[in-house]
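Asks: Using only what follows, build the 3D model:
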Amino acid sequence: MKSFFEKFFSLPKLDRQTFLLSRFHARFVKIQLTALLYCMIVGTPWSFALEEIPRPSPLETPFKILVLPEKGAYLGAYVDFGDGEDGVTLEGIENFEKLVQKHQAIIAFGSFWARGAFPREKVDLLHSYGAVPLLYWSPWEEPFDQERGPDKFSLEKILDGTWDHYIDSWADGAKAVGEQFFVSFACEMNGTWFPWSGYFYRQKIKGEKSINIQGVEHLFYDKKLEKNFLVGAETYKKAYRYVVDRVRARGANNVLWVFQVNNYSYPNNRWNLAAAYYPGPQYVDWLAMSLFGKQYAKENWDDFAPLLAWPYRELCALDPNKPIMIAEWGTAEPHGQGDKGTWYADGCRMMISQEYPRIKAAILWHERWENTDGSYSNLRVNSSRGALKAYREGIASPLWIDYPRWQSNSR
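Replies: Now for the predicted structure:
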């Protein structure tokens with residue numbers, strides 16, 4: 001039989017840490033059993049014995065740390081990856097780079113719980129391109145229809161442990177990534193379109209009639225009933241913390257957690273503002289917002305400035321130090337109401353101005369889709385020559401950083 005040292009030194013270097021950990025776990029179990037027997041004999045509470053025994057902490061895999069730029073912001077995009085928002089291809093990314101004439105420091109894509117495993121191949125592809133991945137990690141079942149309310153991945157099911165195995169498996173995949181990357185968990189919870197939206201988890205009022213989602217901005221509630229609506233925000237916060245705690249417990253400390261709200265809450269009542277959902281600074285690495293102008297033909301045109309000004313202040317009020325990301329931004333063609341090129345020019349200039357010093361990344365939403373009424377929403381950067389020209393000129397500034405900057409993790 002081989003001795004401990006013979007076994008240890010016969011292993012490859014990369015396997016020795018795992019070997020040591022397994023031996024430690026075995027010894028730890030023996031100590032626990034001995035302590036339990038002792039407690040049974042002398043009558044000492046078992047909880048006391050456990051307090052005296054050190055518990056093993058999960059092994060940390062070394063990873064590169066993303067450097068926060070002192071000036072300017074990382075440039076990024078979501079590049080029309082299909083209905084599931086996850087059809088990531090190198091060709092599509094490179095074509096977009098040629099289109100806008102600048103490399104992308106961040107590439108975003110959808111990562112739905114219905115897909116199962118951690119999307120390691122997509123993450124590796126983005127790293128090979130030279131970008132930081134941003135995963136919109138959504139607890140959502142197919143067919144990903146909006147405004148339907150909770151599904152099998154409901155916040156309650158997350159909190160009761162139903163999806164612990166999935167979260168753990170996902171975390172193990174995330175832990176193996178050699179660089180930090182962004183994860184926006186259950187974004188835009190302050191709207192009414194996603195199944196994790198706080199609105200769906202409110203405490204129902206006795207005798208309440210069903211409310212038409214499309215008219216929910218007119219929702220009236222008595223001040224006494226505000227607590228009924230705040231239940232939804234509390235449920236969201238608990239689920240966010242639960243997921244982050246579980247991922248970190250597996251040793252996946254390379255995840256940069258993004259708290260992403262819609263720029264304006266819908267409905268825009270106090271119980272639905274960003275502060276009601278914020279899980280706390282220890283659970284969030286970046287604050288973020290989605291910022292969209294006109295998307296549908298019947299909508300009114302919105303200039304860029306008011307879409308950013310107040311929501312930026314709202315995010316800043318949550319925490320004085322966290323960096324801010326515009327995790328999604330874009331607009332459709334105005335159909336005579338405004339000018340998309342001007343909108344892009346304003347956005348590219350304002351987000352790297354001294355007026356908004358905490359914005360350190362912005363992700364352009366480049367997509368065209370068909371609506372249920374047969375109309376199309378075209379948020380692609382090249383929906384018109386003027387729009388493309390304005391965007392190219394806007395991101396040409398060196399303050400828009402085209403490659404991520406890394407430093408080694410010396411821990």
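
Asks: and the gap between the nearest residue to residue 81 once chain neighbours are set aside and residue 157?
Replies: With C-beta to C-beta, 6 or more residues apart in numbering as the criterion, residue 81 has its nearest non-adjacent residue at 4.4 Å, and that residue is residue 87. Where C-beta positions appear, they are placed from N, C-alpha and C, glycine not excepted. Using C-beta to C-beta, to the nearest Å, residue 87 is found at 27 Å from residue 157.

Asks: And residue 117, by the same measure?
Replies: Separation of residue 117 from residue 157 (C-beta to C-beta) stands at 19 Å.

Asks: buried residues in stretch 184-203?
Replies: Judged by neighbour count (16 or more other C-beta atoms under 10 Å), stretch 184-203 contains these buried residues: 184-192, 194-202.

Asks: taking these one by one, which sit in strands?
Replies: Those of these mapping onto strands are 184, 185, per DSSP state E.

Asks: on that earlier part again, of residue 117 and residue 157, who's got more company?
Replies: Each of residue 117 and residue 157 has its neighbours counted (other C-beta atoms under 10 Å); residue 157 has more, 15 against 11.

Asks: What mean pLDDT does the helix or strand containing that one get?
Replies: Using DSSP states H and E, residue 157 falls within helix 155-159. For helix 155-159, mean pLDDT rounds to 98.

Asks: same check, this time on stretch 316-334
Replies: Per-residue pLDDT over stretch 316-334 has a mean of 97.

Asks: Next: stretch 240-250.
Replies: 98.

Asks: do the same with stretch 201-218
Replies: Stretch 201-218 shows a mean pLDDT of 65.

Asks: Tell me how the chain divides into domains.
Replies: 4-52, 66-204+220-406 (automatic domain parsing).

Asks: Isn't residue 375 up against residue 297?
Replies: Yes - counting by C-beta atoms under 8 Å, residue 297 is a contact partner of residue 375 at 5.5 Å.

Asks: returning to what we had before: buried ones in the helix holding residue 157, by neighbour count?
Replies: So helix 155-159, judged by 16+ other C-beta under 10 Å, has buried residues 155, 158.

Asks: Give the residue spans of the stretch 51-200 of the chain that score low on pLDDT.
Replies: 51-61 (pLDDT under 70).

Asks: Strands of that one, residue ranges please.
Replies: Assigned by DSSP state E, counting those that start in this stretch, the stretch 51-200 of the chain shows strands spanning 65-66, 73-79, 106-112, 132-138, 181-185.

Asks: what does the stretch 301-411 of the chain give?
Replies: 324-330, 359-366, 368-370, 376-378, 400-401, 406-407.

Asks: Quick one, which of those gets closest to residue 391.
Replies: Judged by C-beta to C-beta, the one of these that comes nearest to residue 391 is strand 359-366, at 7.5 Å.

Asks: Pull the distance from that closest one to the chain's centre.
Replies: 13 Å (C-alpha atoms, centre = their mean, to the nearest Å).

Asks: which residues pair with residue 262 across the strands?
Replies: residue 290 (DSSP bridges).

Asks: Would you confirm that residue 398 contacts residue 72?
Replies: Yes - using C-beta under 8 Å, residue 398 is in contact with residue 72, at 7.2 Å.

Asks: Comparing those two, which residue is more hemmed in?
Replies: Counted by other C-beta under 10 Å, residue 398 and residue 72 do not tie: residue 72 has more neighbours, with 16 against 9.

Asks: wait, doesn't residue 258 sit right on residue 283?
Replies: No - using C-beta under 8 Å, residue 258 makes no contact with residue 283, being 10.9 Å away.

Asks: between the two, who's got more neighbours?
Replies: Taking neighbours as other C-beta under 10 Å, residue 258 and residue 283 compare with residue 258 leading, 22 against 18.

Asks: what's across from that one in the sheet?
Replies: residue 184, residue 286.

Asks: This protein: helices as residue ranges?
Replies: If you assign secondary structure with DSSP state H, the helices in the chain sit at 4-10, 13-42, 46-52, 90-100, 120-129, 155-159, 164-175, 226-249, 274-277, 304-318, 340-350, 385-395.

Asks: show me the contacts for the residue nearest in space to the middle of the chain.
Replies: In the chain, the centroid-proximal residue (C-alpha atoms, centre = their mean) is residue 184; its distance is 0.3 Å. The contact partners of residue 184, taken as C-beta atoms under 8 Å, 6 or more residues apart in numbering, are 134, 135, 136, 137, 258, 259, 260, 288, 327.
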